[in-house]
Every structure is written in structure tokens, then in C-alpha cells.
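> Sequence first, then the predicted structure, then my questions.
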Amino acid sequence: MAPSAPPGIGLLKGLGVTIKHLFQRPSTLMYPHERDVLAPRTRGVIALMDENCTVCMLCSRECPDWCIYIESHKETVPPAKEGGRARTRNVLDRFAIDFSLCMYCGICVEVCPFDALWWSPEFEYSEYEMGSLLHEMDKLREWADTVPPPPPLDEGAVLPAEVSDALAKVEKERELAAAKELEAKQAAEAPAETAGDAPKKGKAAEPEIHVKAGEIDQETFDRLIAEGKSERMARSKAKAAYVKKEKARLLAEAEAAGGDAEAESPAPKAAEVKVDAGEIDQETFDRLIAEGKPERMARAKAKAAYVKKEKARLRAEAESDTGEGTGADEPAEVPSELGASPEAARQALDADGAATDDDAAPEVAAEAATTEAPAARKLGDIHVEGAGEIDQEVFDQLVAEGKSERIARAKAKAAWVKKQKQAKLDEEGGA
Amino acid sequence: MMLLVTSGVAPYLAQAESILDVGDTFIVPLLLKLAFVLGIFFVVPLVAGYLEHKAMGRMQHRRGPVEAGPFGTLQLVADGIKFIQKEDLIPSAADKWVFAMAPGVALVPAMLALLVIPFGPGVFALDLELGLFYVLAASSVSVLGVLMGGWSSANKFSLFGGLRAGGQLIAYELPLILAAIAVAVQAGTLSLVGIVEAQAEFMLFGTGINLWYVIPQLLGFGIFFVAALAELSRPPFDMPIGDSELVFGYMTEYSGIKYAMYMLTEYAGMVTMSALMVVLYLGGWQLLPGVPLPGCEAAGGLFDCGVTGTLLGVGVMLGKILLLVFVMVWLRVAYPRLREDQLQRIAWLVMVPLALLNLALVTIAKVVY
């Protein structure tokens, strides 16, 4: 206040400030009636995806409050092939977090190497009794449904290693498929040239754009030859490169002609589809309430269900927009494949575990393998009766080489078994 | 001689007729008046408390109570129910009887002061000729309850608080009374109804402009207002309960219904003091200076107003009271608490001389005019 100001002017100023605020809008958020939009990484509650947990105990040991309780037992997994070593595996029995002790530092989430622990923004889980704040595995699993999807990457950001790897893999498979197709055509023209051993699970080439195969991309061919590749490999790759280039050219022409320009744009990924998370899926909500879940949990799950449904719907729309059968939605499938593969692996492991419980008989394992994955059938999966025979030819050869008789007999036995197995496998393949 | 006898008795008798004096019996008007005073005592302070909660909340960017009742209007009722349910604790070292009586001793004078305050044309329990004296005397008794509570709690903070309250009330009683005397001098009566009447008849010197006493006695009004705040221990003069130094002063050891009685005393005191200021300076139940209430133009706009005029008069009076209560809340939000020495310095070096000056000016003006 300036010294010339009359005394008491400061008091009037104070009154002015308070009366001004009287007519301003209060900053109160009427919490139970209206809810704040929480930051994406809000530390509300810790969720557990128990299928990811390997019982490494890092979280429990790092916890400053020691509020994470983990119990597990070891299980023996039978060897992958006969004569191999049995492996042991930790199976999670109990995972509990005592939220009356937890100080929400997030170290456990930070240290978890397998993404089994997550932060969820749900915070309304107060209880009348302290003991009820001990959340056991099933409850922690339910919180996992409320974990929001990770925020989208920045524009031009480097993709995560897993995603880029998966994309590269898909790209490679496509190339191989294209090469195989070419070779098949060539084989049709010249039966002497047999089909290559490219894997059979490549996707079919885009049906809309037909490029006459046969030409090779000279530039690619020269480059590969210079790199020291074999001539055959170089030619097939150069052919593939030619087809690719032609397709790109034709597509560009089509685009220029105002054709299906969108055909090449990939369908949006699940993570890219934006859905307002405010709605809930009434059906899911009603079902969960009927199952006796608390309302809060039901709401969270119904929200998640809604978001999932909406995303599926939006994706379907986007795909129908871009046209069908372009094969351009392959990248979109990558995340779901990634998501599904651990699940599948887990099921397979479970099946193995079940097999071990029965007598550990190799037949059972072989049967399970047959039913589960016929494509993955290998020599090791085939059981051959009677390991007493020896392969005379091998035995003689080894003896002639100066090996001791004992060694020669053992190796000859192994050779016999191998031969038998190969024979069986061939039989099956022929059938 | 006859005059002496009558004057010896008459000052304590009612002057004007209250509309509550119905019928010829003794008991019916008595019950009506009791109901009237108790109704005012238990309702208006709650409204004032609600106003304080809401206004203070909005000034602090909050909303104040919202859940109990529509717009939170029943918050203080809910608080009262809560206070009744709470455990009534008495410290083992306390002087139990004094401790238990203290809130009542503080509460009852606040109730008694309402007896003589007119809330509208004819709406009052009693019109004593010594009304102003009675109100000031009765409200001064409240400090006794505060001192009793502070002493009997067997707690040093309570004792400090009680003694601060005692010192503060002595210091500010003087400017309060001196300012009130100036009004009585100008009005020529101590009857509160008479003072309102005098304000309706007061004309600015030599002109026909009717004015309330707040204009000629602006200085006195300011002194009375500040002194009333200090009398009530309202912020910024709440050193007796200064919670940064004394926990909660003389109320530290009180809980439950006894604490609620102290709080009710404070709010009732705000209402009483505001009502007194309205009667002394702001023209009582008059709508505007020189504007008679509808229905009673014949009686100078002050009495026998019929139903509409009476209700309007009561509404105007209550509106003025709540306006002053709002100003008290406003000051509470705006200003920090004074220091104890600043409080005493202001009382003795500023307020008392100014009040004496005000009294001298009014007296001279009265004599000259």
C-alpha cells in the first residue's frame, strides 16, 4: 500500500476480494453425483493379471510395506522330447495385496518383469473393516478388467519391440507366401522344379490385383547376387520384388483413377479406435448384478465390456469401409494374435500338466500332442515299441571305424529307433 | 407526590400494547409471548447459522452445506441431533456443577434479551421503559457463563480463554454502552419501541426529510458494530477461542449438547445484537425512512397495521437482521484475528475516546436543536 493511501483502504480492499468471490462459481465438484475425469495413470488400485505371474517374487520383495503375500508350489513339467530333462514350473496359489498397508508407491507395478501388475484408476473400495482391505487373487483379477488401455503412442514414435517384431514376421510370411506362389506356378510350368520348402501358412495374394508372374526385378536380382546369395534364391526373391512393385504401381494407378484408394490403408488397430468410456454395457451390468457382484465392480466391468464392444463394432465398420479380402487387415490382427498366443500357450501347458498327472505315460502325451497340434508332430512324438534291436549297418560301419563295440551298439540302437520312427512318420504322411 | 409514586412503579411496566396481549386472562398472553420468544430464539439463530455456512462457503469458493435438506437448509438441525447423541464428557478434575451450569448461564441471557426487542408493529413480548438498559444488562451476563466455563474446566487453555473473554467484554462494554447512550439521548427514551418511534419522527435539522439514526450517528453505529462483534467474540475478535494458541479457549473441554449450547449462544447473540442495531440505528421494522407500512398510515406507519402490514414489518425487520449478520460473516471471512494486545489497545485508545466524542456531539446537537 502506498504511504499516501488513506488508512483503512486495505481493509476495504479485503472486503472487496471476499465479496467478489461470493459471486463466483464455487470450485466444488459434487463428487458422488459427478465424477472427475481421472488422469490415465491414476494410482487407484493395483490389479493382477495372474496368468502373467511367474512367481518371481520381485514385487513382494521390493514392497516397502511388505503388503504383498504370494504362495506357490512347484510342478514338474514332462520333458518336451523323450530322454530330455523334466522342467519345474511355479504355479501361483495365492496372491494378495493388503491395501490397509499399501502406500501406493507403485514399486511392485514398476518392477514386475512380466506385466502381471497394473494400476487401475478405481479407488472406491473403502471398507467398514480393516481386514476387508486384503484383496485376494480373485479380487485383484477383477480389478484387471478396469485397467484402461495404454495411451496411444506419439505421432512418429518408434513401435514397441514386440509389435515391430510381429509386424516384421507377418511381412516375412507374406513375402515367403508370394515366393511360394511363384514357385508353384513355375512348378506347374516346369514340373522338374519342385516346390520350395516355404511354410504353408502364408496368406493368399490380393485377388483384386493380378500381376503376371515370371518377370524378375533385375535390380533386386543383382543386389542379391552381389550379396552372395545362390542364384535360385536371388531369382525367386527378385520375382517377388517384381510382383510387389507391379502391384504398388497398379495400385497407384488405381488410386489416381479414383478407384479403391482406401483399399491399401490398414484397418485401425484396436488400440487406435477411440471409444468414450462413459457408457456401460447394460446387459453385462445386469448379469453381474444378478450374479451378486457389488455394483461398483459390475459398473467397471460393464464399462470395459462396452468399450470392447464399441471397439469391435468400430473396427468392423472400418474394415467394411476399406473393402473385403484385401488382406490389408493383417496388421490389425497382430495385436489379437499376440494377445491370444500366451493364452494358447497356457492352455497347452495346462494340457501338459494334466497329462503328467496321469502316470506320465508317453502315449498319453503323444495322443494329446496329436489332438492338440497335428502340424507340430515330430519324431520325438512317435513311440516305437521295443528298443532292443540294433541297426546292423550302422553297427558294422562304426566297428569298422574303430569305435568300441559298446559305443557302436548304443549308437546303432539309436539309429534303429530313429529309422523306425521315420518310417512310421512317412507312413502317416502317406496316409 | 402521586407523580413520584407512579414514576417509582411505572418504569418497569409495559409502555405500548403488544398484539400478543389477547383476551382478558393472564395465562394466554403469557404463553403466546413465551412461544414467540422461544420461536425467535430457536429459529432465527439457525437461519443465521445457515447464512453463515453458505456465505462463508461461497466466499471461500466452496458450496457450504448441500446434502441435509433442500440446499442444505437442515444442516444445523442435523448438527443439533448429532450434538445430542454425542457423549457428554466432563473432565475428572473439573468443578462439575459449575462446569455443567456454565453453558446455561451463557445461553439464558441471550434468550432474555429477546424479550424486549420489537420485531414488527406490535410484535414484541414486552415494551419496557428501560428496554435498552435491560438488553445491555442481560447480554452482559453471558460473560459470566464464559468465565465459569473457563475456570471450571481445570484446563489452562480454557482458563486463558475465559479470562481473555472477560477482559475483552469489559473493554468493549464501555464503547458499546456509550454509543447506545447517544441514541437514547437523541431519542429521549430507553424504550426500544420508543426509539423506533423517535426515528420515524426524526427530521433532518430544519427540513422535512425523515432519517434513521444511522445517518446522524454514523460514527456511533460504527463503534456499536465493532464493539458488538467484540462482545460476541466474533472474528476478527475471537481471541478467547483463538485455536492457534488456545485449542478452543473456554470451549476446549466441552462436547455434545453443552458445546451446542455455547454455539447457540453465539448465534443467538449475533441475532440479538443485529436486532438491537436495527432498532437503534436502522429504523426497526420501517421499510424506508418516511414510508409508512401499508394498512397503518394513520398511526404514522408504526402500529395497528393489519395482517399484511404486520407481516411485512416483521419481514423487513428480519431482513435487516440477516443483512447485518451477513456483514458479520463477511468481516469474519475477510479479516485475520487480532492479537490480544491490539484488541485492548483498540478498545481503550480508539473506541472509548471516539464513543465519548460521539456522545458529546450528539448531546450538544440535541441541546442546540
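Nice, I can see it. None of these values were measured; they are calculated from a predicted model.
> Break chain A down into its domains, please.
A:45-146, A:168-371, A:392-430 (automatic domain parsing).
> Worst mean pLDDT among these?
Lowest mean pLDDT within those: domain A:168-371, at a mean of 63.
> and chain B, which residues reach chain A?
B:55, B:57-63, B:66, B:330-331, B:333-335 (Cβ under 8 Å from any Cβ of the partner chain). Placement of C-beta: from N, CA and C, glycine included.
> buried subset of those residues?
If you count burial by 16 or more other Cβ atoms under 10 Å in any protein chain shown, the buried members of those come out as B:Ala55, B:Gly57, B:Arg58, B:Met59, B:Arg63, B:Val66, B:Trp330, B:Leu331, B:Val333, B:Ala334.
> so the last one sits right up against A:Leu12, yeah?
Spelled out, it's B:Ala334. No - assessed by Cβ atoms under 8 Å, B:Ala334 is found out of contact with A:Leu12, at 9.5 Å.
> Any residues of chain A in contact with chain B? List them.
Chain A comes close to chain B at residues A:11, A:14-15, A:17-19, A:21-24, A:26-28, A:30, as judged by Cβ under 8 Å from any Cβ.
> Just the buried ones from those, in PyMOL syntax?
Applying 16+ other Cβ under 10 Å to these, the buried members can be selected in PyMOL as follows:
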select buried, chain A and resi 14+15+18+22+26
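> Of the residues of chain A next to chain B, which belong to strands?
Counting by DSSP state E, no part of the residues of chain A next to chain B is found in strands.
> Nearest to A:Glu189 among the residues of chain A next to chain B?
A:Met30 (77.3 Å; Cβ to Cβ).
> Please name the nearest non-neighbouring residue to that closest one.
Using Cβ to Cβ, 6 or more residues apart in numbering or on different chains and skipping the chain neighbours, the partner closest in space to A:Met30 is B:Val66 (7.3 Å).
> from the residues of chain B next to chain A, which two are the most distant?
Farthest pair in the residues of chain B next to chain A, by Cβ to Cβ: B:Val66 and B:Tyr335, 26.7 Å.
> how would you label A:Arg94: helix, strand or coil?
strand (DSSP: H, G, I helix; E, B strand; the rest coil).
> residues touching it, list them.
A:Tyr69, A:Ile70, A:Glu71, A:Ser72, A:Glu136, A:Met137 (Cβ atoms under 8 Å, 6 or more residues apart in numbering or on different chains).
> List buried members of the residues you listed by neighbour count.
By neighbour count, with 16+ other Cβ under 10 Å, the contacts of A:Arg94 hold A:Ile70, A:Ser72, A:Met137 as buried.
> want to try CSV for the residues you listed, with secondary structure as columns?
CSV is the format used below for the buried ones among the contacts of A:Arg94 (three-state DSSP):
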residue, secondary structure
A:Ile70, strand
A:Ser72, strand
A:Met137, helix
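> from the residues you listed, which is closest to chain B?
A:Met137 (37.8 Å; Cβ to the nearest Cβ).
> picking that back up, out of the residues of chain B next to chain A, which sit inside strands?
Of those, none are assigned to strands by DSSP E.
> Tell me the one among the residues you listed nearest to A:Pro40.
For the residues of chain B next to chain A, the nearest to A:Pro40 is B:His61 (27.4 Å; Cβ to Cβ).
> My guess is that closest one contacts A:Pro26. True?
Yes - here B:His61 reaches A:Pro26: they are 5.3 Å apart, a contact under Cβ under 8 Å.
> The residue nearest to B:Lys320 when sequence neighbours are not counted: which element?
Distance criterion Cβ to Cβ, 6+ apart; nearest residue to B:Lys320, sequence neighbours excluded, is B:Val278 at 4.4 Å. Assigned by DSSP states H and E, B:Val278 belongs to helix B:256-281.
> Next: A:Trp118.
Counting by DSSP H and E, A:Trp118 is found in strand A:117-120.
> And A:Pro7, by the same measure?
Applying DSSP H and E, one finds A:Pro7 in no helix or strand.
> what about it, neighbour count?
7 (other Cβ atoms under 10 Å in any protein chain shown).
> residues in contact with it?
By Cβ under 8 Å, 6+ apart, the contact set of A:Pro7 is empty.
> and it, what pLDDT?
So, for A:Pro7, pLDDT stands at 71.
> Got the phi and psi for it?
Torsion angles at A:Pro7 (phi, psi; degrees, to the nearest 10) stand at phi -60, psi 140.
> Can you give me the distance of it to B:Val350?
According to Cβ to Cβ, to the nearest Å, A:Pro7 and B:Val350 sit 12 Å apart.
> residue contacts, whatever residue of the stretch 201-350 of chain B ends up closest to chain A?
Across the stretch 201-350 of chain B, the shortest distance to chain A (Cβ to the nearest Cβ) belongs to B:Ala334, at 4.3 Å. Residues counted as contacts of B:Ala334 (Cβ under 8 Å, 6+ apart) are A:Leu11, A:Gly14, A:Leu15, A:Val17, A:Thr18.
> mind redoing it with 10 Å?
Neighbouring residues of B:Ala334 by Cβ atoms under 10 Å, 6 or more residues apart in numbering or on different chains: A:Leu11, A:Leu12, A:Lys13, A:Gly14, A:Leu15, A:Gly16, A:Val17, A:Thr18, A:Ile19, B:Met59, B:Pro235, B:Pro236.
> Now tabulate the residues you listed in a markdown table and tack on distance to B:Gly167 and pLDDT.
Shown next, in a markdown table, are the contacts of B:Ala334 (distance: Cβ to Cβ, whole Å; pLDDT from 0 to 100):
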| residue | distance to B:Gly167 | pLDDT |
| --- | --- | --- |
| A:Leu11 | 24 | 85 |
| A:Leu12 | 29 | 87 |
| A:Lys13 | 31 | 87 |
| A:Gly14 | 26 | 85 |
| A:Leu15 | 28 | 87 |
| A:Gly16 | 33 | 88 |
| A:Val17 | 31 | 87 |
| A:Thr18 | 29 | 88 |
| A:Ile19 | 32 | 89 |
| B:Met59 | 30 | 89 |
| B:Pro235 | 17 | 83 |
| B:Pro236 | 16 | 86 |
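> so of these, which ones are in helices?
A:Leu11, A:Leu12, A:Lys13, A:Gly14, A:Leu15, A:Gly16, A:Val17, A:Thr18, A:Ile19, B:Met59 (DSSP state H).
> For the closest residue to the fourth one other than its chain neighbours, give me the pLDDT.
Going back to what we said before, that points to A:Gly14. The shortest distance from A:Gly14 to any non-neighbouring residue, by Cβ to Cβ, 6+ apart, is to B:Ala334 (4.3 Å). B:Ala334 is assigned 89 on the pLDDT scale.
> What of the one 3 residues further on?
The predicted local confidence for B:Arg337 comes out at a pLDDT of 87.
> tell me the phi and psi of the spatially closest residue to it that is not a sequence neighbour?
Once flanking residues are discounted, B:Arg337 sits nearest to B:Pro236: 5.3 Å by Cβ to Cβ, 6+ apart. The phi/psi pair for B:Pro236 (degrees, to the nearest 10) reads phi -90, psi 20.
> what's the answer for A:Lys185, then?
Main-chain dihedrals, A:Lys185, degrees, to the nearest 10: phi -70, psi -40.
> next one: A:Val91
phi -110, psi 130.
> partner residues bridging the closest residue to it other than its chain neighbours?
Leaving aside its sequence neighbours, A:Val91 sits nearest to A:Glu75 (Cβ to Cβ, 6+ apart; 5.2 Å). On the basis of DSSP bridges, A:Glu75 is bridged to A:Arg89.
> ok, A:Glu75 touching A:Val55?
No - under the contact definition of Cβ atoms under 10 Å, A:Glu75 does not touch A:Val55, with a separation of 11.1 Å.
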